[in-house]
Every structure is written in C-alpha cells, then in structure tokens.
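>>> How does the following fold in three dimensions:
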Amino acid sequence: MVAILGHLTRVIAGVQVPNSPIVNASIELAYNNQPSHTYNHAMRTWLNGQAIINRLPAGNRSMVDQEAFAVAAILHDIGWHQDPHFSTLEKRFEVDGADVARAFIQQEGGNSWNKERQRIVWDAIALHGIINIARYKDFEVMLVGAGTLLEWNGIESAKAVYGDLITITPEEWETIALEFPRAGSLTFFRELMIDLCRKKPATTYDNFVGDWGEKYLADYSRVGHRNIDIAENSTEEIKPQ
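Numbering: from 1, shown residues only. Okay, the predicted model is just below:
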C-alpha cells in the first residue's frame, strides 16, 4: 500500500512538504527531544530528500510514501543520544531509533499505518548508515540514506553514489542549510561518535562508529571483536557428539 498525498500544502526552507498530523508530530518529537545540531541535521536530510521527490515525474511521485519517508528522515537519528526513553546500552543507535519511530507510529499514526508502512520506516532508520544495503531496498529506505549523505557531504558526493537521483540544485541545498544551520556540526558529530564508543562500545565494533573510537580513545580497540577475530578463533570443525 502506498500513502498518496494529493496536496503538498506547507513550505519549509523553500521546499513543499506534506502537511499531515504524523509529519508535524514527528517534527515536534525531534525538536523537543534532540540537541539543535541533531534536529537541524534531520531536517536537512528530510528536506533534501523531499526536494528530490518533488522533482520526480507525477506518476513516480504518486508511488512514494511521502509520510513514511518524512517520519523516517526526521527521526532517523533519535537513537543517537543517551536518553533512556530513546536509547539502550545493548543496541546500535540506528536500531534504537527505528524502535522509537515504530512505537511512535503505533501510538500516533492511526489505522492507515499497517505493518508494511511501519516496516519501511523501521528499515529506513535502521539501514540509513549502511548505504550499500539501503540503496537496494524500498525507494523510501534508499532516500533516507541518500538524503543523509546529500545533506552531510554535498551534492557532488551524493551524485557519485546515487547518480541521476540527485536532482536538488545548489541553491536549494544552500537555502535548506541557511534555515537549519550546519555550523559546528562536525565537532558535535565527532564528540557524539566518541561518546557512543565510550559508553556502549559493543554496539560500535562492527560499523563506522568504531572509527572514531580507534582514532580518539586510547583504551578502545576492535581487536577480539572483529568478525575475522571471531571466525578465526572459533573451532575449525565442530565434531558431532
């Protein structure tokens, strides 16, 4: 099932966006429960992706679940921070965020949010940092990853990965960044990644977050936790009992 929104009735940073209760509630949840850097990053991700959706041919655009994309993009990093309402010690931050978003939809979304739509949001958040998997999933899942890369690394870097999908103009990209400023984002992001490595290292050994632990934490090491360590330290052959 695809949720088709007949009208885009709100404009944010020059981008026409869905003006529905669940989208607006997602914005409120993100704004009230995240630092400004995280909120701005999420909004830039959403608006860059929505600008791409708005340029799709009408027939293609009608097949996109714009609400699911919006909720996923706006909440994609809500699991970043060590708030017990949104974060656990044992799960990767992406999984924490996906769980939060699904619970939020179940509470606020109503009957139109069947399991398939919930699954799209969960997958989009859980996989947004694993581009080489997300890009082969649903369009909405792929676009959250693309929007994240586009907003963080810029248009040319995103085009190198996603090609002609990236149709946003430099003027649109800059207007979004002016409305939701990126100044100080790199320092903020670095400290956040280091904090994740410090406080829940087991969730970082097998993914990109651990890169910051290796570079900045003297007592952080992936050795013994890498897949190669686990595989090569296992019994070569398990004999039947």
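
>>> Can you give me the neighbour number for I228?
Neighbourhood size, I228 [other Cβ atoms under 10 Å]: 9. In this view, the C-beta of every residue, glycine as well, is placed from N, C-alpha and C.

>>> Now the most centrally placed residue in the chain: which helix or strand?
Nearest to the mean C-alpha position of the chain, counting by Cα atoms, centre = their mean, stands H76 at 3.5 Å. H76 belongs to no helix or strand when assigned by DSSP states H and E.

>>> my guess is it contacts A42, does it?
Yes. With contact defined as Cβ atoms under 8 Å, H76 counts as touching A42 (6.2 Å).

>>> measure A42 to G110 for me?
23 Å (Cβ to Cβ, to the nearest Å).

>>> Looking at the two, which has the bigger crowd around it?
A42 (26 against 10).

>>> Show me what the helix or strand harbouring that one packs onto, helices and strands only.
Using DSSP H and E, A42 sits within helix 36-54. Helices and strands touching helix 36-54, by 3 or more Cβ pairs under 8 Å, 6 or more residues apart in numbering; DSSP states H and E, are strand 15-17, helix 21-33, helix 66-74, helix 139-153, helix 170-179, helix 185-199.

>>> who does the fourth one touch, helix- and strand-wise?
I take that to be helix 139-153. By 3+ Cβ pairs under 8 Å, 6+ apart, helix 139-153 packs against helix 36-54, helix 66-74, helix 115-126, helix 131-134, helix 155-162, helix 170-179.

>>> low-scoring pLDDT stretches of the chain, where are they?
1-8, 235-241 (pLDDT under 70).

>>> Mind doing that once more with 50?
Within the chain, the ranges that satisfy pLDDT under 50 run 1-4, 6.

>>> Show me this structure divided up by domain.
10-181, 184-241 (automatic domain parsing).

>>> Could you tell me how far the last one lies from the centre of the chain?
Pointing back at domain 184-241 there. Relative to its parent chain, domain 184-241 has a centroid offset of 20 Å by Cα atoms, centre = their mean, to the nearest Å.

>>> Only alpha carbons, please: show stretch 12-27 as PDB.
What follows is stretch 12-27, C-alpha atoms only, in PDB (Å, rounded to 0.1, in the frame of the first residue of the first chain):
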ATOM      1  CA  ILE A  12       9.800  24.800   4.800                       C
ATOM      2  CA  ALA A  13      13.100  26.300   3.600                       C
ATOM      3  CA  GLY A  14      11.600  26.700   0.100                       C
ATOM      4  CA  VAL A  15      10.600  23.000  -0.200                       C
ATOM      5  CA  GLN A  16       7.000  21.900  -0.500                       C
ATOM      6  CA  VAL A  17       6.300  19.200   2.100                       C
ATOM      7  CA  PRO A  18       3.400  17.000   3.300                       C
ATOM      8  CA  ASN A  19       1.400  18.900   6.000                       C
ATOM      9  CA  SER A  20      -0.100  15.900   7.800                       C
ATOM     10  CA  PRO A  21      -0.600  15.300  11.500                       C
ATOM     11  CA  ILE A  22       2.000  12.500  11.700                       C
ATOM     12  CA  VAL A  23       4.700  14.500   9.900                       C
ATOM     13  CA  ASN A  24       4.100  17.500  12.100                       C
ATOM     14  CA  ALA A  25       4.100  15.300  15.200                       C
ATOM     15  CA  SER A  26       7.500  13.900  14.100                       C
ATOM     16  CA  ILE A  27       8.900  17.300  13.800                       C
END
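
>>> Enumerate every residue touching the closest residue to I74 other than its chain neighbours.
With sequence-adjacent residues excluded and distances taken as Cβ to Cβ, 6 or more residues apart in numbering, I74 is closest to S26, at 4.4 Å. Under the criterion of Cβ atoms under 8 Å, 6 or more residues apart in numbering, the contact list for S26 reads A70, V71, I74, L75, F104.

>>> Let's see that with 6 Å instead.
The contact partners of S26, taken as Cβ atoms under 6 Å, 6 or more residues apart in numbering, are V71, I74, L75.

>>> Thank you kindly, that will do.
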